[in-house]
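J.: Fold the following.
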Amino acid sequence: MEAAILILALLFVAFVALGVYVSVKVIGAAKRGVERTVTQARRTVEETTLRAKSYGQGGVVGELAQLRLSLRTSMRATQDALHAGAAEDASLSESLGLFQRLSVHGHELDDELKRLEREPDRATVASLLPGLRERMERITRSAESLRWAARDRAQKFADDDLDALSAQIDVEAGALRHWAEPDSADGRPADGETGATATSWPEAGRAAGAAERTRPESSHTPDARGAGTGPGHTVAEQPSAITARDHRQHTTHPWQKTARPETTN
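T.: Numbering: from 1, shown residues only. Below you'll find the model as predicted:
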């Protein structure tokens with residue numbers, strides 16, 4: 001009984017701990033989502049305000065807004081490109097480290113430009129604009145260098161993969177079209193093939209047997225086999241003529257009897 005109560009207590013504590021852990025995770029995820037949404041909304045509002053100032057106002061305020069807008073646009077584009085490429089290419093981790101160091105200078109410049117927007121002494125701000133513009137161009141030029149290098153690297157990998165895929169497709173297409181290759185140029189079957197390949201082996205066997213039975217025995221003589229064996233000739237198996245025995249070439253042996261003439265009686 002005490003063991004069952006102890007097991008139930010442990011299960012209750014485990015469920016409570018699991019519930020607390022899940023609640024903390026859910027609350028943390030919701031909080032991060034809200035912060036991300038708030039940050040994105042604030043960024044959108046700031047960029048819209050800067051765009052309105054750069055187009056609607058002239059003078060020092062308009063130039064400061066233009067500098068901030070160019071800086072933020074370039075840095076955000078570089079950040080998105082590097083983060084997207086780092087998910088597939090681990091070699092961009094060093095580039096991300098360099099961008100983080102560059103982002104420090106970018107945030108410092110953006111904060112300084114933001115403070116100068118509230119500066120009442122416009123003449124002093126106007127004197128500082130050339131140096132601020134040069135600093136902004138250096139930062140954006142470095143960011144663009146990283147961004148385009150990452151894009152060129154991704155494009156190169158995509159081109160190499162496409163070339164390899166095209167080569168494999170060409171090989172497969174050639175293998176699929178192998179059946180359509182024509183025979184030799186003179187219309188005859190290719191080497192190693194004969195006209196008998198179009199006939200099934202039972203029919204070929206019966207045809208060969210019939211030809212063997214109808215072949216005359218005289219065609220197996222040396223004279224018949226030797227006839228027409230030269231190049232370009234075909235052996236023609238024809239029955240040889242039966243000729244009478246030549247008595248002049250007849251040889252008489254001593255053990256043969258002399259033929260007696262028949263009587264007329």
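
J.: quick one: residue 94 from residue 164, how far?
T.: Residue 94 sits 27 Å away from residue 164, going by Cβ to Cβ, to the nearest Å. The C-beta positions use only the backbone N, C-alpha and C, and glycine is treated the same way.

J.: Pass me the low-pLDDT residue ranges in the stretch 51-200 of the chain, would you?
T.: Judged against pLDDT under 70, the low-scoring parts of the stretch 51-200 of the chain cover residues 180-200.

J.: Can you show me the helices along it?
T.: Per DSSP state H, counting those that start in this stretch, the stretch 51-200 of the chain carries helices over the ranges 59-86, 93-117, 122-176.

J.: Looking at the ones you listed, which one is packed in the most?
T.: Mean neighbours per residue, mean count of other Cβ atoms under 10 Å, is largest over the helices of the stretch 51-200 of the chain for helix 59-86, with a mean of 18.

J.: That one versus helix 93-117: what angle between them?
T.: Put simply, helix 59-86 runs at 160 degrees to helix 93-117, going by axes from the mean of the first three to the mean of the last three Cα atoms, to 10 degrees.

J.: Neighbours of residue 51, how many?
T.: Using other Cβ atoms under 10 Å, residue 51 has 14 other residues around it.

J.: Look up which helix or strand residue 38 falls in, please.
T.: For residue 38, the enclosing helix or strand under DSSP states H and E is helix 2-56.

J.: Tell me the helices and strands packed up against that helix.
T.: helix 59-86 (3 or more Cβ pairs under 8 Å, 6 or more residues apart in numbering; DSSP states H and E).

J.: one step back: dump the helices of the stretch 51-200 of the chain to a markdown table, plus distance to residue 50.
T.: Converted to a markdown table, these look like this (distance: least, Cβ to Cβ, whole Å):
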| stretch | distance to residue 50 |
| --- | --- |
| helix 59-86 | 4 |
| helix 93-117 | 10 |
| helix 122-176 | 13 |
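
J.: quick one: residue 95 and residue 149 touch, right?
T.: Yes: contact status for residue 95 versus residue 149: in contact at 7.4 Å, counting by Cβ atoms under 8 Å.

J.: surely residue 146 meets residue 101?
T.: No: using Cβ under 8 Å, residue 146 makes no contact with residue 101, being 11.1 Å away.

J.: Much appreciated, bye for now.
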